[in-house]
Structure formats: structure tokens, C-alpha cells
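Engineer: only the shape, not the letters, is given here:
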């Protein structure tokens, strides 16, 4: 009897998946919404199924994977819904709107990916973890909002919206977009649960929209955390070997003598000096996240198209950061 009692915990330990084998994937906003699309449920479900189909075969091959996702368009639209309904219904703070969109997107992605995995005969289990992330009250991001959320406005539409409420905005091309604070993530509250689920063989969807932003006393922060920075924090916390940021570009481009030159491969140590060449609200956080991931123990990071995960991991598309 004593021998059996000793064998059981050892057997359970051996069944655990080495956490460092995990692949962490950050899905960009185009996983659920293409440019110009309204965030209706049918549209987002259709795009989620397309996304799931493009990555499912790769996920089925992985021993362990974790998926994060953005929520920029959705959180902006939900904020507007709160404002427009505010005359009759109590408005929710931005923290709760973050939580709402994280749960909705997580549910849509989980159902789409689980369904696709079943179709190809995979036994992989997948779950969603509602995730809170601690930020610093004194973060300078609260003084300088840079995170774009919500719809794009023409100048006329912007002026009309500003009459309803005052907010910070930036110009994107010929259009305008609301921006909010994007403080750096300091701590993922549910990191222990995420690790246990990954070790037990689950694919995990978590840290959606960068996580629900809170201060260390659990009070909510009026912000949207950049999902790429939280993804890096998550990937290093679970000691993942690889991190892939999938977006709506096939690779990272740099302007050189008036031409857009693709960057196919770059060492993390050489990125810092050129970060100023990239936009603060879009590509720069991705490159910073990849650099920090490598500098903190990660082996390889990738930036590429949502629909080219396999080729990005194989090094035949996208940008590889080593």
C-alpha cells in the first residue's frame, strides 16, 4: 500500500507538459474584425471561424499553446454604446467594458477554435481564463494616451462626437481615432491558474485586450493595456520558448531611402536603436514586446500575417526576431 501511495504523485508529475514547450500566440484585431466592418456578432463569428481554420492544424501539433487577443475595436464600440445609452441606463467604467469584451471575444474564439480542432480529429482541450492585470498609478501613460480604440472618424464625424463627449484622439491617415492610456503591465493576477492549465494539457485563451486593468488595490484603471506587452509578460512568466504576434501585415517593414523594405530576420539586440522609426500605437509595441521576450529568456519571436502561422514558424514568411 505504501508503494502505491508513492507511485501516484510521481505518475501525475510525469504527465505534466513541460511549460517551456508552449507557443504563445497574440491575435490582432483582424482576427474578428476587418477594416470597416461593424462589430456585430455574425461578422465576428464568421471571422473567428476563418481565423480558427487558419491556425487549428498548427495548434493540434503543439504540445501546449496559449492565445491572447486584442479588443481595440470592440472596446471602443462598447464604450460608445455606454455613452449613447447613458441617458437611460447607468454607464459602466472602462475596466468593466474591458472585462465584457474579453469575455465575449474569448467565448467566440474558444467556440470557433474548439469546433475546428474537433473537425480535424484533434483531442486538444481549450478554455478561456478571465484575466486581470496590475498597472502602476504613476505610469506616465495616463498623462499621454496613445492606445487607439474604437471606430475611425472623418473630421466632420469627429466634431460631432466631441460635442457628445470630450476625449483624446490622433490622426490616422486622413481619419481620426480615440486614444486612451496604455500603461505597462506589471503583474498577471491569474498567472498561476494559466500555468496549471497549460501543464495539464489545455490550450488557454487569456489576457484578452491586454487584460482587465487594475491597480494593486483592485481598483480599476481607466485604460486599455497593449495586448502585445501583456503577451510578452505572459510568455516570459510561463517560460515559453516561442511567441508569435499575428496581425494584418505579412512582416515588419522599414522605410529606407523612400522605399518600404521588408525585415525578414533581425536580432533583438539591434532593434532598440531603430524603435523610433515605428509608430507608437501600432508596430512599435510589437517590436518592443518581441525584444523584451527574447531578452528575458525567450528563444524566438515572430511577427506576421494572421493567416501564415505555419510559414512564419518555419521562417519562410513574416519577421523573425532572434
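Structural biologist: That came in fine, so what should we check first? These numbers come from a predicted model, not from an experiment.

Engineer: if we ignore the residues flanking it in sequence, what's nearest the residue sitting nearest the centre point of the chain?
Structural biologist: Nearest to the centroid of the C-alpha atoms of the chain, with distances taken as Cα atoms, centre = their mean, sits residue 69, at 3.2 Å. Leaving aside its sequence neighbours, residue 69 sits nearest to residue 27 (Cβ to Cβ, 6 or more residues apart in numbering; 4.3 Å). In this view, the C-beta of every residue, glycine as well, is placed from N, C-alpha and C.

Engineer: wait, that neighbour touches residue 109, no?
Structural biologist: Yes - the criterion here is Cβ atoms under 8 Å, and residue 27 meets it with residue 109 at 7.5 Å.

Engineer: which neighbours do the two share?
Structural biologist: In terms of Cβ atoms under 8 Å, 6 or more residues apart in numbering, residue 27 and residue 109 are both contacted by the residues 51, 67, 69.

Engineer: out of those, list just those in helices.
Structural biologist: residue 51 (DSSP state H).

Engineer: reformat the shared contacts of residue 27 and residue 109 as CSV; add distance to residue 139.
Structural biologist: Putting the shared contacts of residue 27 and residue 109 into CSV (distance: Cβ to Cβ, whole Å) gives the following:
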residue, distance to residue 139
51, 31
67, 26
69, 23
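
Engineer: quick one: which helix or strand includes the closest residue to residue 311 other than its chain neighbours?
Structural biologist: Excluding the flanking residues, the one nearest residue 311 by Cβ to Cβ, 6+ apart is residue 317, at 4.1 Å. Secondary structure assignment for residue 317, by DSSP states H and E: no helix or strand.

Engineer: contact partners for residue 317?
Structural biologist: For residue 317, the contacting residues are 250-251, 304-305, 308, 311, by Cβ under 8 Å, 6+ apart.

Engineer: 10 Å instead?
Structural biologist: In this structure, residue 317 makes contact with 250-251, 262, 264, 302, 304-305, 307-311, judged by Cβ atoms under 10 Å, 6 or more residues apart in numbering.

Engineer: helix, strand or coil for residue 141?
Structural biologist: Going by DSSP: H, G, I helix; E, B strand; the rest coil, the secondary structure assigned to residue 141 is helix.
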